[in-house]
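Asks: Fold the following.
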Amino acid sequence: MRRPWRILIVAPGGVGGHAHAARDIVNGFAAHPDVQIDVQLIDPRLRGALQFLTEWKGIRSIVRPLLYIRGLIAASRRADMLHVFAAAHTAFLFGALPALIVAKWTGKPVILDYHDGRAEAHFRWWGPVLRWAIRQAAVLVFPSVYLQDVFARRGFQGVVVPNVVDTETFTYRSPDPVQPRLISARLLERLYAVENTLQAFALIKREVPGAVLDIYGTGSAARSLQRSAEKLGVEGIRFHGEVPRNHIATALAGGGILVNSSRVDNMPHIIIEAFAAGVPVVTTAAGGIPRIVTHEQTGLLVPIDQPESLAAAVLRVLREPGLAVRLAQAARQELKRYSWPAAERGWLEVYTQCRASAARAWQSSLDATPGAASSGARGSRPARAAQAAARSPTPPR
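Replies: Predicted coordinates:
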């Protein structure tokens, strides 16, 4: 009987996009006979009486990394390969980089799955570290062509496996008539510029007195955004706080218009989820968003940091006969690109490529070292692990 591939996914927990994407892979392969997925959280939590050690500020910045490294070393020894999710800047240093170092020490091949629209700035500020890290990966993967192009311009080639949306979770409802309800569902952080959504809503409210704005999410800017909303003195702004991903379908089921005002972005799940729910999309053209939203066809795109343009586009969707329905119907046709069967094929190809890369690396190490086949080179930790990867189960079908 063939042993399944043992894949260790290294990713954050919580409600962010990386955590969501990682859970989609875990759930998708749950019943697959040839792939066994284990997870090592980058930000592990303790439970019970010791929970405070991973929750209190200051203490958690020491305890969580220690728990992460300890768990990572143990889990990587049992894996055939590591599938590491990566973000930019300090999140990369404390999340992906330790996994790459541990994988190099144990000789396990790595899939580096880069999910961050700030890649340009990452190269600018952390270029040498990022380039070293990329070279340690057997396969480089992105959720969007946008990121693939950013890395290709710097000489690094990778493959694209798009994010997944469980369309069965969402019920498509035609936006006819479209409700005067704006929906914002991003982390409340500076790069997502939710303050521009607030300003746009104030302008819309002058024209549509019955409009409301539902803001889902939390983050470091939550309090300042609430204060800004109070200063605007506009009724109808509702902050809902952190909402689990499985509750987003309920939030979208109420209808309205998804408004996204991000400054930096990649491939937001929420936009694809709006496609599935029949909610028209108005968004800034930040980062990779124009690769998933076609202006005037599947949504409306506006310039970054221009609340007036955002408000004008929303008012157009509310007022122009047939526009909301036309956008929603066209967006619905895009969903097949983000289905699990399509992603499953992509990930199986990536895992096959990673295994083949490890086999080539092992063979190259033997060819480059005279007598390696019968000497210490073969017995080194990286060589033994690469040899094990080369002999790991054949590709699933």
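Asks: CA atoms for contacts and neighbours, from now on please.
Replies: Will do.
Asks: Which parts of the stretch 151-300 of the chain are helices?
Replies: For the stretch 151-300 of the chain, the helices defined by DSSP state H, counting those that start in this stretch occupy 194-207, 222-232, 248-253, 269-277.
Asks: How many neighbouring residues does Asn266 have?
Replies: Look at Asn266: counted by other Cα atoms under 10 Å, it has 24 neighbours.
Asks: what does the one 10 residues further on give?
Replies: As a burial measure, the neighbour count of Ala276 was computed by other Cα under 10 Å and equals 27.
Asks: what does the average pLDDT come to for stretch 265-284?
Replies: For stretch 265-284, mean pLDDT is 95.
Asks: Tell me where the chain is predicted with low confidence.
Replies: Applying pLDDT under 70 to the chain flags the ranges 1, 359-397.
Asks: let's see 50
Replies: The chain contains residues with pLDDT under 50 at 376-378.
Asks: domains of it?
Replies: Following automatic domain parsing, one finds the domains of the chain at 5-164+339-390, 167-333.
Asks: Show me the helices in the stretch 1-150 of the chain, by range?
Replies: Using DSSP H, counting those that start in this stretch, helices in the stretch 1-150 of the chain cover 17-28, 60-78, 90-91, 97-106, 119-136, 145-152.
Asks: Which one, of these, ends up nearest to Pro244?
Replies: Nearest of the helices of the stretch 1-150 of the chain to Pro244, taken as Cα to Cα: helix 17-28 at 10.0 Å.
Asks: Give the buried residues for that closest one.
Replies: Across helix 17-28, burial judged by 16 or more other Cα atoms under 10 Å covers 17-26, 28.
Asks: ok so, going back, looking at the helices of the stretch 1-150 of the chain, spot the one closest to Leu187.
Replies: Between the helices of the stretch 1-150 of the chain, helix 17-28 lies closest to Leu187; by Cα to Cα that is 9.5 Å.
Asks: what comes into contact with the closest one?
Replies: For helix 17-28, contacts defined as Cα atoms under 8 Å, 6 or more residues apart in numbering pick out 9, 11-13, 37-38, 85, 115, 163-164, 245, 268-269, 340, 344.
Asks: would you put the C-alpha positions of it in CSV?
Replies: Provided in CSV are the C-alpha atoms of helix 17-28 (Å, rounded to 0.1, in the frame of the first residue of the first chain):
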residue,chain,number,x,y,z
GLY,A,17,-6.1,35.8,4.4
HIS,A,18,-3.2,33.5,5.0
ALA,A,19,-5.0,31.5,7.7
HIS,A,20,-8.0,31.3,5.4
ALA,A,21,-6.0,30.0,2.4
ALA,A,22,-4.2,27.5,4.6
ARG,A,23,-7.5,26.1,6.0
ASP,A,24,-8.8,25.8,2.4
ILE,A,25,-5.9,23.5,1.6
VAL,A,26,-6.3,21.5,4.8
ASN,A,27,-10.0,21.0,4.2
GLY,A,28,-9.6,20.3,0.5
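Asks: now the angle between helix 269-277 and that helix, please.
Replies: If you take axes from the mean of the first three to the mean of the last three Cα atoms, to 10 degrees, helix 17-28 sits at 50 degrees to helix 269-277.
Asks: Am I right that Ala137 is in contact with Pro109?
Replies: Yes - contact criterion Cα atoms under 8 Å: Ala137 and Pro109 qualify, at 6.8 Å.
Asks: more crowded one of these two?
Replies: Higher neighbour count among Ala137 and Pro109: Pro109, with 30 against 23, using other Cα under 10 Å.
Asks: Contact partners for the closest residue to that one other than its chain neighbours?
Replies: Closest residue to Pro109 apart from its sequence neighbours, by Cα to Cα, 6 or more residues apart in numbering: Met81 at 5.1 Å. Contacts for Met81 (Cα under 8 Å, 6+ apart) come out as 6-8, 108-111, 354-355, 389.
Asks: just those now: which is nearest Phe275?
Replies: Ile111 (29.3 Å).
Asks: ok, the closest residue to Leu97 other than its chain neighbours to Lys104 distance?
Replies: Of all residues not flanking Leu97 in the chain, Ala133 sits nearest, at 6.9 Å (Cα to Cα, 6+ apart). Taking Cα to Cα, to the nearest Å as the measure, Ala133 and Lys104 are separated by 10 Å.
Asks: cool, His89 as well?
Replies: From His89 to Lys104 the distance is 21 Å (Cα to Cα).
Asks: The buried residues of helix 17-28 into CSV, with extra columns for distance to Trp125?
Replies: Converted to CSV, the buried residues of helix 17-28 look like this (distance: Cα to Cα, whole Å):
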residue, distance to Trp125
Gly17, 23
His18, 22
Ala19, 25
His20, 27
Ala21, 26
Ala22, 27
Arg23, 30
Asp24, 31
Ile25, 31
Val26, 33
Gly28, 36
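Asks: that older thread, what's the closest of the helices of the stretch 1-150 of the chain to Ser228?
Replies: helix 17-28 (25.8 Å).
Asks: what's the closest non-adjacent residue to Ser220?
Replies: Take Ser220 and drop its neighbours on the chain: the residue closest to it by Cα to Cα, 6+ apart is Glu189, 5.9 Å away.
Asks: how about the one you found, what does it touch?
Replies: For Glu189, counting by Cα under 8 Å, 6+ apart, the contacting residues are 219-222.
Asks: How much space separates it from Asp116?
Replies: 14 Å.
Asks: Asp176 contacts Arg326, correct?
Replies: No - between Asp176 and Arg326 there is no contact under Cα under 8 Å: 10.1 Å.
Asks: Looking at these two, which is more packed in?
Replies: With neighbours defined as other Cα under 10 Å, Asp176 and Arg326 compare such that Arg326 has more, 17 against 13.
Asks: Not counting residues beside it along the chain, what's closest to that one?
Replies: Leaving out its chain neighbours, the residue that sits closest to Arg326 by Cα to Cα, 6+ apart is Gln297, at 7.7 Å.
Asks: ok, now how distant is the one you found from Arg263?
Replies: 22 Å.
Asks: Pick out whichever of the two has more residues nearby.
Replies: Arg263 (20 against 14).
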